[in-house]
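Chemist: The sequence isn't on hand, but the structure is:
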């Protein structure tokens, strides 16, 4: 059996291993499955893909060859609200389970590029939660300290990558589900612009806001998975084309000095964690300020928008997504999920439109803040609770975790969570960069430079730190693209 | 008193008159007011601006001079759901009346450019209707045949321009209110891209969809009013900036051959009017096809989207807009309006989101149709009813009038109605060009060529036909604008 200890699981690392003949994809898969068996007491997976089922994917990449597959033999994990053909999708609700004939569009793109699906991961039921505790399969434990929450709702997808069971994974992110677990497990979490990754074959949470998200070991990998997975999809009416300047060539390790906003002192909130406050201030003073001009920004409109997500009528979208089950058989849902989503039955259409007007006004105010900066950087989550703490106070502590994340999709922004430090208990502390939709490549470029400066080995430390900040297709920097109009 | 018979009321016509010293703005205003008095049996106006009140506007343009004011001394009318400072706004509901301190943003821009407000015009109550019959001030009669409806909801604004009481006017257009009356009164009706003209100071109908619209004697004038009125407005959260290629310089009399879509035979609907069908077919065969390549397009997704406007939960926006009046005092509304808008109280938020999903899917299908053509051209309204016919069947016949207009703002398209022919009863028959938002200038350019070919004197025939298709600031056509990216 292959020894995984000295294997570089990053995408470029694996490609080098395969080119060197260090091992084959089949050998890697066998070793990863054995490791997953050994970690069986942490409920990371809802359904693993058997080696017999994986054989078809290995046969496919064998037939295509490494040269033509950018993700040749790269193992990945899939949140269990995203379809993988012939494997059950549950959204962490047994009564909701179905087995799709086809993979979700994003999964199909990744598999076509050579990636190998390892399994479907545990999650907060119906992607409603930011803690990883709300699952009938059990609370997913943090990869760096098993007493601490993994974060959610994409809990298993984050922990699988952080523990070295996959090179990257797919989550979904409506309210922060792709960023909070990335931060707590010392990973990169990319929540792309709404619509760049197709949601066809994804169980909706709030269909108008949902995004498929990417957990990766570093920003190079997040960028490369984004490139492979991005494609306009006629099967998803919310699908949007990537803008010209948000295409594959626009990623590079940034070196330009930028103007970066951080929430002003009055808006920063750590819910009593002076440790988190110190970690954020330390990052701003000792890393961010070295390369960039940092300015305090008014964070009020973002926070006011965030409140709309659960206090406003958008919960009606979650209710719609669980029909007819929630009406016919509410006990099939966890009590906390039934309580939250059941609330979506009551608001009137007039309330929905009134809230959309309010959101539009807040977006105008928030956009005015963004007009003055190249990106805003916030803590990703304000603190790290134990599983026991969240189980004792499941709604209030969950909502604290979304303080810096809930507004993002309502305001139609792109966001990228990166790890920057560690709490004393060992779990990750991260920050999130965000700006307007279609600024994904710019955020990745700024983050590449920050990751280079920080040089933190990702996840639980099994893969080395390495960011190149370059795509193979990047043209010489002296090139300019010219658009002629008129 | 100035004789209005030989006066050219187009914007460029008036500027020439003033430069020649033919008459002064004060003389024109006096003559227009006298003419309005003489037409007092047609309820065009809800409130006229007195000559004493107009004096302030005349003093302002006097102080500025003609050279610096693009709309120097140009008289205009304002639909009575758009604020003019110190004059009541009613939205055609006495109980709703209030007197604003400030003018709506668009009105303020026009006045600053030299335009003279002549009065507030009659309308279907709360802009809910396409007939011009639904007003406590009485049914506004068509400028070309007083038995026929004027169309609505911006009835008075259209009739005022068609009868030569103003050079242009402002309407609002949520479901077709700026296009249907333009067509029936032989005028140009521009429904700009959502958000280009500020809705600050406008009584909302469906706030997420509302547009201020422009009635004009020809496309040159519509274009020039658009240029003056377009400005991003921080007071309107739905305000959007004009794109670079939709700016003032991008209007010209088009000469390029274009690919124009018309609804396929199965989708064309004239509700039994073989006359309207002949007029449309004649226009396509004898005018449109001369300069352009005409192709039939599948019109199904547009028609399906149209049905959502009144059958779906968007009526809840109208309900919101009339609160608290409609709950407290429903008899203050006309019975037909109370019936329609009162229906907006009942749908649930879940219904609203489900309808938005449906709309998103229809938009994807409709956008796919637009991807193949430079513009789509349809009849503006399928036929022309008498006032008596509409009063006998007020809901069904009203809804017929929106067959080709209701989908436009739901799908976020720009639309331009132009006159192309006449019914035997003398009222206008028009067509509408439409395409994606931010294509306003392109639609105006295509329409300028069509108007030149048709050469129909506008309105009731008081002003001559004249389209130049050029803005004074248009650069030489050999110039190109270059955007450098990366």
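Modeler: Noted; the coordinates are in hand. If you're wondering where the values come from, they're calculated on a predicted model, not measured in any experiment. Numbering: from 1, shown residues only, chains lettered A, B, ... in the order given.

Chemist: buried set for stretch A:242-260?
Modeler: Across stretch A:242-260, burial judged by 16 or more other C-beta atoms under 10 Å in any protein chain shown covers A:242, A:246, A:248, A:249, A:250, A:251, A:252, A:253, A:254, A:258, A:260. (Glycine included, C-beta is placed from N, CA and C.)

Chemist: Just read off the phi/psi values of the last one.
Modeler: Torsion angles at residue A:260 (phi, psi; degrees, to the nearest 10) stand at phi -110, psi 130.

Chemist: In contact with the nearest residue to it once chain neighbours are set aside, which residues are there?
Modeler: With sequence-adjacent residues excluded and distances taken as C-beta to C-beta, 6 or more residues apart in numbering or on different chains, residue A:260 is closest to residue A:292, at 4.6 Å. Contact analysis of residue A:292 by C-beta atoms under 8 Å, 6 or more residues apart in numbering or on different chains lists A:257, A:258, A:259, A:260, A:446.

Chemist: at 6 Å instead, please
Modeler: Residue A:292 makes contact with A:257, A:258, A:260 under the criterion C-beta atoms under 6 Å, 6 or more residues apart in numbering or on different chains.

Chemist: Can you check what pLDDT the model gives it?
Modeler: As predicted, residue A:292 sits at a pLDDT of 97.

Chemist: how close does residue A:437 get to chain B?
Modeler: The gap separating residue A:437 from chain B is 15 Å, by C-beta to the nearest C-beta, to the nearest Å.

Chemist: Share the number of residues neighbouring that residue, please.
Modeler: Residue A:437: 18 surrounding residues under other C-beta atoms under 10 Å in any protein chain shown.

Chemist: which residues sit against the longest helix seen in chain A?
Modeler: With secondary structure taken from DSSP state H, chain A has its longest helix at helix A:349-370. Residues outside helix A:349-370 that contact it (C-beta under 6 Å, 6+ apart): A:297, A:301-302, A:304-305, A:308, A:312-313, A:410-411, A:435, B:207, B:237-238, B:313, B:316-317, B:319-320, B:347, B:349, B:351-352.

Chemist: In strands only, show me those.
Modeler: The strands, defined by DSSP state E, take in A:297, A:435 from the contacts of helix A:349-370.

Chemist: Weed out the non-buried ones from the contacts of helix A:349-370.
Modeler: Buried, going by 16+ other C-beta under 10 Å: A:297, A:301-302, A:304-305, A:308, A:312-313, A:410-411, A:435, B:207, B:237-238, B:313, B:316-317, B:319-320, B:347, B:349, B:351-352, out of the contacts of helix A:349-370.

Chemist: out of those residues, which are inside helices?
Modeler: Counted as lying in helices by DSSP H, out of those, are A:301, A:302, A:304, A:305, A:308, B:316, B:317, B:319, B:320, B:349, B:351, B:352.

Chemist: Dump those to JSON lines, plus pLDDT and distance to residue B:56.
Modeler: As requested, those are exported to JSON lines (pLDDT from 0 to 100; distance: C-beta to C-beta, whole Å):
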{"residue": "A:301", "pLDDT": "97", "distance to residue B:56": "38"}
{"residue": "A:302", "pLDDT": "98", "distance to residue B:56": "43"}
{"residue": "A:304", "pLDDT": "97", "distance to residue B:56": "40"}
{"residue": "A:305", "pLDDT": "97", "distance to residue B:56": "42"}
{"residue": "A:308", "pLDDT": "91", "distance to residue B:56": "43"}
{"residue": "B:316", "pLDDT": "97", "distance to residue B:56": "40"}
{"residue": "B:317", "pLDDT": "97", "distance to residue B:56": "36"}
{"residue": "B:319", "pLDDT": "97", "distance to residue B:56": "38"}
{"residue": "B:320", "pLDDT": "97", "distance to residue B:56": "35"}
{"residue": "B:349", "pLDDT": "97", "distance to residue B:56": "47"}
{"residue": "B:351", "pLDDT": "96", "distance to residue B:56": "49"}
{"residue": "B:352", "pLDDT": "96", "distance to residue B:56": "45"}
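
Chemist: Let's have these in CSV, adding distance to residue A:383.
Modeler: Listed next are those as CSV, based on distance: C-beta to C-beta, whole Å:
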residue, distance to residue A:383
A:301, 23
A:302, 19
A:304, 22
A:305, 22
A:308, 23
B:316, 40
B:317, 40
B:319, 43
B:320, 39
B:349, 32
B:351, 39
B:352, 36
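
Chemist: Reduced to three states, what does residue A:57 come out as?
Modeler: helix (DSSP: H, G, I helix; E, B strand; the rest coil).

Chemist: And for the one 5 residues further on?
Modeler: Of the three states, residue A:62 takes helix according to three-state DSSP.

Chemist: For it, give me its contacts.
Modeler: The neighbourhood of residue A:62, defined by C-beta under 6 Å, 6+ apart, contains no residues.

Chemist: repeat for the one 10 residues further on
Modeler: When contacts are counted by C-beta under 6 Å, 6+ apart, residue A:72 is found next to A:61, A:66, A:114.

Chemist: Going by proximity to chain B, name the top residue of the stretch 1-150 of chain A.
Modeler: Using C-beta to the nearest C-beta, the single residue of the stretch 1-150 of chain A nearest to chain B is residue A:105, 14.0 Å away.

Chemist: What's the per-residue pLDDT of the closest residue to that residue other than its chain neighbours here?
Modeler: Among residues not flanking residue A:105 along the chain, residue A:198 sits closest, at 3.8 Å (C-beta to C-beta, 6+ apart). Looking at residue A:198, its pLDDT reads 98.

Chemist: So what's the residue count around residue A:365?
Modeler: Neighbourhood size, residue A:365 [other C-beta under 10 Å]: 16.

Chemist: and the least confident of the contacts of residue A:292?
Modeler: On pLDDT alone, residue A:257 ranks lowest of the contacts of residue A:292, at 93.

Chemist: Let's verify that residue: helix, strand, or coil?
Modeler: Here residue A:257 is coil, with the state taken from three-state DSSP.

Chemist: and the gap between it and residue A:436?
Modeler: Noted for residue A:257: a distance of 20 Å to residue A:436, by C-beta to C-beta, to the nearest Å.

Chemist: Within range of chain B, give me the residues from the stretch 251-400 of chain A.
Modeler: Proximity of the stretch 251-400 of chain A to chain B, by C-beta under 6 Å from any C-beta of the partner chain, involves residues A:313, A:316-317, A:319-320, A:347-354, A:357, A:360-361, A:364.

Chemist: picking that back up, the residue nearest to residue A:105: what secondary structure?
Modeler: Assigned with three-state DSSP, residue A:198 falls in the coil class.

Chemist: repeat for residue A:91
Modeler: What three-state DSSP gives for residue A:91 is coil.

Chemist: Would you enumerate the residues in contact with it?
Modeler: Contacts for residue A:91 (C-beta under 6 Å, 6+ apart) come out as A:81, A:126, A:203.

Chemist: mind redoing it with 10 Å?
Modeler: By C-beta atoms under 10 Å, 6 or more residues apart in numbering or on different chains, the residues touching residue A:91 are A:46, A:79-82, A:97-98, A:123-128, A:153, A:172, A:202-205, A:321-322.
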